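# sequence and predicted structure are below.
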Amino acid sequence: MGLKHQTCKSSSSSNFIRIRFSTILTLILLFTSLFLFLTSLKSTQEPFFGGDENTKFNGDLRDAKFPWNKLCFGPTFEKLKLAVFSKTWPVGADPGGMERHASTLYQALAAKGHEVHVFTVPSDKRPHWDIHEGNLHVYFAANDHGKVDCSLAFEIFNKVNSDGSFDYVHTESVALPYWRAKRMPNVAVTWHGISYETMHSKLLQQLLTDPNGDMLEPMPELQEALPKLIEEIRFFKNYKQHICISKSAGEVLVNIYQIPQINVHVILNGVDETEFLPDPEAGARFRERHGIPANVSLVMGVAGRLVKDKGHPLLYRAFSSIVKSYPGVFLLVAGSGPWRRRYAELGTNVKVLGALEPLELSNFYNALDVFVNPTLRPQGLDLTLIEAMQSGKTVLTPNYPSIVGTVLVDEEFGYTFSPNVESFVEALELAIKDGPNVLKRKGVACKNYVHSVFTATKMASAYERFFLCMKNPKYCQYPLSTDSYI
């Protein structure tokens, strides 16, 4: 972004200035990213979200230095009236992870007897009737672009609130804008991704796209990442209570965003444990239905949107290399997006299934020997990882803090790699050499661990106790007489 000059003589100088500016900006971004990353991991004698999570906890839940899902909350007889703002609500095939999380959580809370009112838009951006099923009420308040119309949503909100005040307001990320949130006394936000993590994602994409440093300028997205991070840090304080879905994100909010520790909590995402179950017979039928050759040595799978930041350029290059040395390996791709055509170029060792209905995902996972998550987004927790593990499958995933610090906490659960082609290929080769029997054993370990923490039941119980705690401090104490003391 050099200055415009009028004479040819100055063009050389202009290019020099432009290159120097770009180089300096890139170095600033790189060193700032590294500094923030190291700062967030820096630990004193007792890091905020560290310590032994298996020791017995006794005290105020707001001081808990581990995910609330780790605790066993008992039943409660007090019922809540909750308002929820969510960017979208899952409708049809191929919903995103945040939409599926919202649906799972609020249906579970409604099933517990709480009155839940969700203000959102349908994920397919088409007109739909509002949903009223028992205690769950979903209001679609879309503008002409398919986004949440805040004015319309608050018109409905105020009407419902006038019939009996809400006990608490919850927003999924910035579905409730900060300038509205700061006017409301009882608001909590769950962060599914933050700009600090997005900056690292853009950095990884830059390195993958330009491994030798041949580009004169960083990607525009990378140039914009740092200003967005600074802006985000400034407005986060407008939300009172912050829920993070990984321990690493909680550390960043405390150490980098400077949110008071007492206002930062970790509640992990959960998946429906009745929907995602090991079922080898269903997996065999899925393979047969989709024409997977019976003589393949190993079936790998990936699911989600087939876009760049989900790591598909990385998987494409790594699998292109793997299939040359291991022709018996097969890749199943579930999802839709621009990389669908590229995968088709890899020949008969790849099958692109397109977007799957949520109920078909379970069968998809059961058809695999190992689930691959190539994401370049070191943020939040990818539900597909948890769903695959819940289905009894081992996983292969990047070694991001949000993953290895919360999900893949033991090497027995799977394989990790640095987000580059060489490391990815090495991890794939290790899984292939271990073979189906070892992968099956690892899958059993995955299932046992995930079932103890990442279920929809554990997630809903943690959120229920959180909202009760925010309403009445007596519920902040653990254990209560109805809790299971661990």
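Sure, I can see it. Numbering: from 1, shown residues only.
# now do the same end-to-end measure for stretch 351-371.
By Cα to Cα, to the nearest Å, the extent of stretch 351-371 from end to end equals 15 Å.
# can you give me the buried ones in it?
By neighbour count on 16 or more other Cβ atoms under 10 Å, the buried set for stretch 351-371 is 351-353, 355-356, 358, 361-371. Placement of C-beta: from N, CA and C, glycine included.
# now it: average pLDDT?
On average, the pLDDT along stretch 351-371 is 93.
# so where do the helices sit in the stretch 101-250 of the chain?
Remark: helices assigned in the stretch 101-250 of the chain by DSSP state H, counting those that start in this stretch are 150-162, 178-181, 195-209, 220-235, 247-255.
# least confident of those, on average?
Mean pLDDT values for the helices of the stretch 101-250 of the chain show the minimum at helix 195-209, a mean of 76.
# in strands only, show me the buried residues of stretch 351-371.
By the criterion of DSSP state E, membership of the buried residues of stretch 351-371 in strands covers 351-353, 370-371.
# how many neighbours does Leu253 have?
Around Leu253 there are 27 other residues, counting by other Cβ atoms under 10 Å.
# what's the most distant pair in the ones in strands among the buried residues of stretch 351-371?
Across these, the longest distance by Cβ to Cβ is 18.1 Å; it joins Val352 and Val370.
# tell me the most buried of the helices of the stretch 101-250 of the chain?
Most buried of the helices of the stretch 101-250 of the chain by mean neighbour count (mean count of other Cβ atoms under 10 Å) is helix 247-255; its value is a mean of 24.
# which one of the helices of the stretch 101-250 of the chain lies nearest to Ala431?
Taking Cβ to Cβ, helix 195-209 is the member of those nearest to Ala431, at 21.1 Å.
# what is that closest one packed up against?
helix 11-41, helix 220-235, helix 247-255, helix 312-325 (3 or more Cβ pairs under 8 Å, 6 or more residues apart in numbering; DSSP states H and E).
# any idea how far Ala225 is from the closest residue to Leu331 other than its chain neighbours?
Once flanking residues are discounted, Leu331 sits nearest to Val350: 4.7 Å by Cβ to Cβ, 6 or more residues apart in numbering. The spacing between Val350 and Ala225, counted by Cβ to Cβ, to the nearest Å, is 33 Å.
# Glu78 too?
44 Å.
# swap in Tyr365?
Going from Tyr365 to Ala225 by Cβ to Cβ gives 33 Å.
# kindly report the same for Pro90.
29 Å.
# got phi/psi on the residue lying closest to Asn295 once chain neighbours are set aside?
Excluding its sequence neighbours, the residue lying closest to Asn295 (Cβ to Cβ, 6+ apart) is Gly328, at 7.4 Å. In terms of degrees, to the nearest 10, the main-chain angles of Gly328 are phi -90, psi 0.
# hang on, the earlier thing: what is the neighbour count of the residue nearest to Leu331?
Counted with other Cβ under 10 Å, the neighbours of Val350 add up to 19.
# isn't it up against Val333?
Yes: contact criterion Cβ atoms under 8 Å: Val350 and Val333 qualify, at 6.5 Å.
# any chance of the ones in strands among the buried residues of stretch 351-371 in a markdown table, with distance to Pro220 too?
Output for those, formatted as a markdown table (distance: Cβ to Cβ, whole Å):
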| residue | distance to Pro220 |
| --- | --- |
| Lys351 | 35 |
| Val352 | 30 |
| Leu353 | 33 |
| Val370 | 36 |
| Phe371 | 33 |
